[in-house]
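>>> Structure, please.
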Amino acid sequence: MLWILKQIKSLQLFSRRTIGMIKGSGKSKNNVDMLDFTVFDGTTHSATLQQNLVLKEVRDGRIVPYVIRETEKNSDNRSITTYASGAWVQIAKSGIIKPQRIEGETVNKYIDMALVGMKWKRGKTDYAGFHTMTIDEFMDPLTFLRKIASLFKLEIQYRVEVQGSQIIGWYVDMIQRRGRDTGKEIELGKDLIGVTRIEHSRDICTALVGFVKGEGDNVITIESINRGLPYIVDNDAFQRWNERGKHKFGFYTPETEELNMTPERLMTLMEIELKKRVNSSVAYEVEAQSIGRIFGLAHELINEGDTIRIKDTGFTPKLYLEARVIAGDESFTDPTQDKYVFGDYREITDPNEELRKIYNRILSKFGEKQEMLDQLDKLVKEANETASSAKKESEAAKTLAEKVQENIKNNTVEIIEAKNSPTTGLKPNKTLWRDMSNGKPGILKIWTGAAWESVVPDVDSVKKETIEQVNKDIESTKTELNKKVQEAQNQATGQFNEVKESLQGVNRTISNIENKQGEIDKKVTQFEQDSNGFKTAIESLTKKDTEISNKLNTVESNAEGTKKAISDVQQTTSELKKTTTEIEEKAGKISEKLTSVERKVNSDKAGGRNLLLQSNVKYEKIDYLINQYSLTENFCAGEAYTFVIKGSVPQGQKFRSCQNGGSSNVGYATSVYGNGITYVTFEAVVATSGNERKLSLYNYPSSTTKSIVEWVALYKGNKPQDWTAPPEEQVTTDEFTKKTTEIVKSVDGIKETVTKVENNQNGFDKRVATVEKDATTIKQNVSSIQNTQTEQGRQLQEAKAGWENTAKALQGKVELKQVEDYVAGFKIPELKQTVDKNKQDLLGELANKLATEQFNQKMTMIDNRFTINEEGINAAAKKKEVYTIEQANGQFATSSYVRDMETRLQLTEKGVSLSVKENDVIAAFNMSKENITLNANRINLVGFITANHIKGKVLEGVTLKTSGNRFVEINKQDMKIFDADRPRGYIGFMEANDGSIQPSLVLGSDNRKYAGTGSFYIYQVMPRINGVDQPSKAYAKFGISKGENAEGTNIWSSYIQMQNDGGHLYAYAAGRLYFDNLNDIIFNSEGWAPGYGKFIVTTTEPHFYTNNRGEFYFKRKNALGLDLSIFQLVRMMTI
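A predicted model of the protein is given here:
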């Protein structure tokens, strides 16, 4: 269907009724569609052709624009033929693309650059990663678009969008290769009209000249490595195609993104290209009819982009092509006129002919080699076994899926998000509430049955409080130390003895001060005494270079007691450490406190800072560009910088460093700094826009070798240094360690507290241990709270352990809360025996992992307690696991998965009670003097069990064995009767080689092979084909065996076999077959139809009949009988 745009305001519709012929000539060499159509002169539509825009609707609904470039009138048939080409040819004249290098951009960025300032806009695109392109010369935007599509391996589509009678948008799409490999064949006699195979030699050459334009006016050739010749030759091609003994020359410039082409690389590319040019080229012209839109032939439909096969049996040998549909000529009124244009031809051989030959050859061999048939039979049996295994696996998968669904149903809970705690529908150890009373992110809490308990350890508040206190102590220590240093710097060198006396008391100070060129050494002894008591202080202050040391020892005594304090402060450029000891003695009480605080200080100087971000990332690449690094500040033109690299490149390669996206080479890292470490010192050039903080590292000169970079660093100046993290990437939290030991002794008892707090790049860790002793109780408590970085991610943990002793009781407890990143992994046990033994437990664990695979955070709460008192011994172990999804983009998880597990043990003088609980499933064991109760879904007993009486509903998967010389044994699938440990009877399943089901009864032995001589067998056989029962072919047999052959098959003495197929019954005896009775012997055939009911007796010896009356009576149906004596019968038979 065509529309012709009229004055850019309205569209006029054309169809095959008004247009004599529409002919689409397909895609040209420059990827431009051509459209030719004919109208009749004098019609209302012919005037419209004076306009210059045609729109064509294709099958997928796209509207493709064309520009009319030529019209042709024919006076014979009064027709006007119009020639149009794709409207996107105008893009070529709408702008210019300047030479440049585009680093690591997406296809969207490239298209926007090509279409800037045009009516054409970027349309649909498929993501194809990031790519780099170097543009060496000016080009038009249309050529640029084709290069973009080639670079990203995409296809271009041009289209417009029409609303009403107006075009509202012009779009360029770049999408993945369209179409599919349909397997459709276009065949001569069906929809193939004909194929023309054109073979020509116009592009053949026997010598190839190669060259690449380098930097400036330099041209790279292979003369330096090819004996001074700029070309290579093919001797075989020369013998075939030379003209009067002269070569046919061709010229070649490789299309590549390599910036540093070497003669060796150019030689390799030329050799590959020459192999393509020494043979004649083949082209095809295919004329095919589209029949896919004819009624009943929808399966023959061809779409643009599809890959199809073309078969022309008119050629000898047959021509078989693979081709792709690149354009189509469709009629919206007459589908029989649809035609298509094909391209991307590839000639292949006829695989069907080869397959038929192989098949016939194999078929002829079947009659010669019986072992192939035996192998086929073996494969059928293996297929039956595989089907049986698949059934078992499907049953196991079904069991697992049901277990997963059960876990999800029982353990998935909704998270209630509110400021106030919920009051209704609360389930102990299940209901979760996100407490939003203090705003986001809130605190996740679980209902224990009595109160709401926080699931996540409150590490942040403890950490904040501790850091604030430590910072406060450090800052006060630094302030006091700086004040003392300032005072000492203002004092003159010398020795002083100062005494002050008054009615209130005496104050004496002895000091020795040395103050030279910034170094200070000050020692002071001070004594104070008044009516309340006395105080003695000894202090030393030392400052040398950047290190400061201050030590102070004080003793204060008064009527209430004595207080001693010793402090040691050490400050360097990297850390500040303060150690104090405080001892206070009072009547009936002694207190001791030892404290140590150490904090690291970052004091990197500007000249020694690494200026590169993410510089400790390892790269292993086979490419020219290794990486482009970002700086923390702008380059200063003319200033010296040192670029240090730890890594390796192959021999002949170098690390090349560039500014401005690779266009400004600043040097090669060839100077050696250490083992595997090289560096280059350079002066920064003027940075172009957008490259002020960019430094690129290349593998030079070849881009096909492997480079390894472990780390890089950039420093100001000309001195190389080892790698250090840039300040912007250093952890901003203070690193410190604080240790405290407190001991309080009094007449009431002793209390000891030991505390250690660490905060560093790995996380926060606080540990506290306390011991309290008095006349009645001894208490011990150990707690820790951690926020650490592990290999699996960030982990929060709060642990508490306590122990309390009294005269009448002993009690201990362990509590743990932990939050960690979670991945639902499952480790398969190595021993098969372990898997078989704990099958149900492993199945449950695997089901739990599958049910929690959507969650990425796991919170664990453990509460273990142990108590011994006059009531007995109690032990409890509780564990709750809460699985949720970590907050992302301000959103919180709305559901969670909760597992509640608990084990309790209680021992009293009356009995033992043990219970194990997981969620709502409880197993219990209770024992008293009269009863033992086991209550569980599964009870596993391993070993010998002795019992006088067992009563139950179901016994499954066990072996039951009675006692005595004659006993019965029942195991998983059969029952045996023994006499003196020898099996005398069996009921169960017999072994069957063909996979059939064979329930059996054996009297005299069991089901073992080669042990059934003289035994009586009864069994029924259910044949199976591909694992499916065949009841129509079932049969039953009973008889006595006289042994087995080499294959283990019974050799019968006699048997009777009954078949379901045909209803036949067979009786066999290796000896005589007797029928004895005391009354009539009747053989009665119930069928009276002709051909049925025969009585046939076949023997190799004479027949003997003995009758007391000597008579035979013969009677025909519906007739009188004939009574003959035995003599008459013999006479008749003789005659």
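>>> so how far is residue 983 from residue 991?
Here the distance between residue 991 and residue 983 works out to 15 Å (CB to CB, to the nearest Å). For glycine as for every other residue, the C-beta is placed from the backbone atoms N, C-alpha and C.
>>> between these two, who's got more neighbours?
Taking other CB atoms under 10 Å, residue 991 and residue 983 do not tie; residue 983 has more neighbours (18 against 10).
>>> wait, what's in contact with the residue nearest to that one when sequence neighbours are not counted?
Once flanking residues are discounted, residue 983 sits nearest to residue 1006: 3.9 Å by CB to CB, 6 or more residues apart in numbering. Shown in contact with residue 1006 (CB atoms under 8 Å, 6 or more residues apart in numbering): 976, 983, 985, 986.
>>> Strand partners (parallel or antiparallel) of whichever strand or helix holds residue 232?
Assessed by DSSP states H and E, residue 232 sits inside strand 231-233. When pairs are called by DSSP bridges, strand 231-233 turns out to pair with strand 207-210 (antiparallel).
>>> Tell me which helix or strand comes right after the strand it pairs with.
Counting by DSSP H and E, what follows strand 207-210 is strand 212-213.
>>> So which other helices or strands are in contact with that following strand?
Secondary-structure packing of strand 212-213 (3 or more CB pairs under 8 Å, 6 or more residues apart in numbering; DSSP states H and E): strand 219-220.
>>> Could you list the low-pLDDT ranges of the stretch 551-700 of the chain?
573-574, 599-608 (pLDDT under 70).
>>> Let's see that with 90 instead.
551-610, 614, 616-617, 632, 661-662, 673-676, 689-690 (pLDDT under 90).
>>> Which residue, other than its chain neighbours, is closest to residue 278?
Leaving out its chain neighbours, the residue that sits closest to residue 278 by CB to CB, 6+ apart is residue 237, at 3.8 Å.
>>> Go ahead and confirm residue 1012 touches residue 1002.
Yes: using CB atoms under 8 Å, residue 1012 is in contact with residue 1002, at 6.9 Å.
>>> Comparing those two, which residue is more hemmed in?
Remark: of residue 1012 and residue 1002, residue 1002 carries more neighbours, 26 against 23, as counted by other CB under 10 Å.
>>> residues making contact with the helix or strand that one falls within?
Using DSSP H and E, residue 1002 sits within strand 999-1003. Contacts with strand 999-1003, where a contact means CB under 8 Å, 6+ apart, come from 984-990, 1007, 1012, 1015-1020.
>>> on that earlier part again, need the three-state assignment for the residue nearest to residue 983.
Secondary structure, DSSP: H, G, I helix; E, B strand; the rest coil: residue 1006 is coil.
>>> switch to numbering from 77
Noted, 77 is the first residue going forward, which turns the last one into residue 1082.
>>> Residue 1061 versus that one, what's the distance?
On the measure of CB to CB, residue 1082 and residue 1061 end up 8 Å apart.
>>> Residues in contact with both of these two, list them for me.
Residues touching both residue 1082 and residue 1061 by CB under 8 Å, 6+ apart: residue 1052.
>>> For stretch 286-295, which residues meet the burial criterion?
If you call a residue buried by 16 or more other CB atoms under 10 Å, then stretch 286-295 has these buried ones: 286, 287, 288.
>>> Same question for stretch 310-318.
Those would be 310, 313, 314, 317, for stretch 310-318 by 16+ other CB under 10 Å.
>>> Same list (the residues you listed) but as CSV, adding distance to residue 1142.
Below are the buried residues of stretch 310-318 laid out as CSV (distance: CB to CB, whole Å):
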residue, distance to residue 1142
310, 82
313, 82
314, 86
317, 84
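>>> Of those residues, just say which sits nearest to residue 228.
Ranked by distance to residue 228 (CB to CB), the buried residues of stretch 310-318 are led by residue 310 at 34.6 Å.
>>> quick revisit: export the buried residues of stretch 286-295 to JSON lines and tack on distance to residue 1133 and pLDDT?
Below are the buried residues of stretch 286-295 laid out as JSON lines (distance: CB to CB, whole Å; pLDDT from 0 to 100):
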{"residue": "286", "distance to residue 1133": "87", "pLDDT": "90"}
{"residue": "287", "distance to residue 1133": "91", "pLDDT": "88"}
{"residue": "288", "distance to residue 1133": "89", "pLDDT": "86"}
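>>> Now that we have those residues, can you turn them into JSON lines and tack on distance to residue 154?
Listed next are the buried residues of stretch 286-295 as JSON lines, based on distance: CB to CB, whole Å:
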{"residue": "286", "distance to residue 154": "57"}
{"residue": "287", "distance to residue 154": "56"}
{"residue": "288", "distance to residue 154": "57"}
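>>> Checking residue 1157 next. Helix, strand or coil?
Residue 1157 is classified as coil under three-state DSSP.
>>> That one against residue 1181, yeah?
No: taking contacts as CB under 8 Å, residue 1157 lies outside contact range of residue 1181: 11.9 Å.
>>> Filter the contacts of residue 1082 down to the buried ones, ChimeraX style.
Buried residues among the contacts of residue 1082 (16+ other CB under 10 Å), as a ChimeraX selection:
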select :1052,1059,1061,1062
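>>> Below-threshold pLDDT in the stretch 277-426 of the chain: ranges please.
Ranges of the stretch 277-426 of the chain meeting pLDDT under 90: 277-282, 287-296, 299-300, 302-305, 310-341, 344, 347-426.
>>> Repeat the analysis, applying 80 as the threshold.
Scanning the stretch 277-426 of the chain for pLDDT under 80 picks out the ranges 277-279, 289-294, 316-320, 331-336, 352, 354-426.
>>> any idea where the strands of it begin and end?
283-286, 288-289, 295-296, 307-309, 325-328, 357-364, 383-388, 395-405, 415-424 (DSSP state E, counting those that start in this stretch).
>>> Okay, strands next: where are they in the stretch 777-926 of the chain?
Applying DSSP E, counting those that start in this stretch to the stretch 777-926 of the chain gives strands spanning 782-792, 812-822, 825-836, 839-850, 854-866, 869-881, 886-897.
>>> Tell me how many other residues crowd residue 143.
Counted with other CB under 10 Å, residue 143 comes out at 15.
>>> Confirm that it sits in a strand.
Yes: assigned with three-state DSSP, residue 143 falls within a strand.
>>> That one and residue 165 touch, don't they?
Yes: counting by CB under 8 Å, residue 143 sits close enough to residue 165 to count as a contact (6.8 Å).
>>> Buried ones among the contacts of strand 1075-1079?
Buried among those (16+ other CB under 10 Å): 1060-1064, 1066, 1083, 1088, 1091-1093, 1095-1096.
>>> which residues touch residue 1145?
Residue 1145 neighbours (CB under 8 Å, 6+ apart): 1129, 1130.
>>> Report the beta-bridge partners for it.
Here residue 1145, judged by DSSP bridges, has bridge partners residue 1130.
>>> What of residue 730?
Beta bridges link residue 730 to residue 776 when assigned by DSSP bridges.
>>> Look up how far residue 740 lies from it.
17 Å.
>>> Which parts of the protein belong to which domain?
78-164, 278-355, 495-530, 536-678, 682-805, 1036-1145 (automatic domain parsing).
>>> will you turn the ones you listed into a markdown table that also has distance to residue 173?
Formatted as a markdown table, these follow (distance: least, CB to CB, whole Å):
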| stretch | distance to residue 173 |
| --- | --- |
| domain 78-164 | 16 |
| domain 278-355 | 16 |
| domain 495-530 | 50 |
| domain 536-678 | 49 |
| domain 682-805 | 17 |
| domain 1036-1145 | 66 |
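>>> Tell me which of those domains sits nearest to residue 860.
domain 536-678 (10.8 Å).
>>> how about the helices in the stretch 177-326 of the chain?
183-190, 217-228, 311-317 (DSSP state H, counting those that start in this stretch).
>>> just so I know, which of those helices lies nearest residue 844?
Nearest of these (CB to CB): helix 183-190, 56.9 Å.
>>> List the contacts of the closest one.
167, 173, 178, 198, 201-204, 207, 209, 217, 220-221, 224, 227-228, 230, 248, 250.
>>> relative to helix 217-228, how tilted is it?
170 degrees (axes from the mean of the first three to the mean of the last three CA atoms, to 10 degrees).
>>> for helix 183-190, which positions count as buried?
For helix 183-190, a neighbour-count test (16+ other CB under 10 Å) marks 183, 186, 187, 189, 190 as buried.
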